[in-house]
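**Student:** Sequence and predicted structure below; questions after.
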Amino acid sequence: MSDAETPLPQPLLEDEALDLLDDFLEESAGPDALDLIGAHGFLVALAVAPREVPASAWVAELFHGTPEFQDEQERETVLGLLEQLKSNAIDVLESGGLPELPFELTLDGIAPEETPIGDWCAGFMEGVFLDELAWFEGDEESVATLLLPFMALSGIFADEPDMADLSSDAARLESLVAQLPELVLDLYLHFRVPPDTPKPKPRPKRPSGKRGNSHKGKQGPKGKKH
């Protein structure tokens, strides 16, 4: 896809809503909850996921426990914004658009795991792990290939030998960062667009007058006549 054809990334929440979530996750959600960047990646992964994850499951995972809200209004506001972010991501991807990510798409020579990019990808992978079986059933090799950039940028798998070459290739990592919105769309489409199936070949025509005799005398695999 050329630059002219690439759609502009679309924000998944307004800045004011992101600020509200940021304040809550930073100050009130508890020490084990994901921060805004990680939560954004986590919710985008849920939007991409091949099947719906119940809200009770993903809320518990995002907060790593039960958050303490000041009152019912705060609870409804915060959970509503999280659900809206996920829903907006689905709408953007369903229309073939690209999600806007909450950071600059460049590493500037810094290791990914020391940047918001690494935090976002780590959050994305948490969303994958929440329902890992659904992600990998059916076509494990293709999904693993599509997830490789997220895995490499997250820093979670830095100790694995097969990640060493990619993790040490600064130029390659920088290229993957620039492609993150498109990689998200690629994953979404992988689960929803069936692969092209080859057209069936026409059956060979039999010579006229020989119908019913074409297999006469033909030997089966064990030397027996059909």
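**Tutor:** That came in fine, so what should we check first? Here the structure is a predicted model, which means the values were calculated and not measured.

**Student:** Pro173 falls within a helix, correct?
**Tutor:** That one is not Pro; residue 173 is Leu. Yes: according to DSSP: H, G, I helix; E, B strand; the rest coil, the state of Leu173 is that of a helix.

**Student:** Compute the number of surrounding residues for it.
**Tutor:** Taking other Cβ atoms under 10 Å as the criterion, the count of residues near Leu173 is 19. Any C-beta I mention is one placed from the backbone N, CA and C, and that applies to glycine too.

**Student:** That one and Leu107 touch, don't they?
**Tutor:** Yes: taking contact to mean Cβ atoms under 8 Å, the distance of 6.3 Å between Leu173 and Leu107 places them in contact.

**Student:** how many neighbours does Leu46 have?
**Tutor:** Applying other Cβ under 10 Å, we find 27 residues neighbouring Leu46.

**Student:** One more: Arg75?
**Tutor:** A total of 13 residues lie near Arg75 under the criterion other Cβ under 10 Å.

**Student:** Gly118 touches Leu107, doesn't it?
**Tutor:** No: taking contacts as Cβ under 8 Å, Gly118 lies outside contact range of Leu107: 9.1 Å.

**Student:** In terms of neighbours, single out the busier of the two.
**Tutor:** Under the neighbour definition other Cβ under 10 Å, Gly118 and Leu107 were set side by side, and Gly118 has more, 24 against 19.

**Student:** Please name the nearest non-neighbouring residue to that one.
**Tutor:** In space, not counting the residues next to it along the chain, Gly118 is nearest to Pro112; the distance is 4.1 Å by Cβ to Cβ, 6 or more residues apart in numbering.

**Student:** now Asp162: how far from Leu25?
**Tutor:** 33 Å (Cβ to Cβ, to the nearest Å).

**Student:** Neighbour count for those two, which is higher?
**Tutor:** Between Asp162 and Leu25, Leu25 has the larger neighbour count (other Cβ under 10 Å), namely 22 against 10.

**Student:** from memory that one sits against Ile37, does it?
**Tutor:** No: counting by Cβ under 8 Å, Ile37 is not a contact partner of Leu25; they are 9.5 Å apart.

**Student:** Going by contacts, tell me the helices and strands next to the lengthiest helix in the chain.
**Tutor:** Scanning the chain for the longest helix, with DSSP state H as the assignment, gives helix 72-94. The contact analysis (3 or more Cβ pairs under 8 Å, 6 or more residues apart in numbering; DSSP states H and E) places helix 72-94 against helix 15-27, helix 36-48, helix 55-63, helix 180-192.

**Student:** Any buried residues in that helix, and which?
**Tutor:** Thr77, Val78, Leu81, Leu82, Leu85, Lys86, Asn88, Ala89, Ile90, Val92, Leu93 (16 or more other Cβ atoms under 10 Å).
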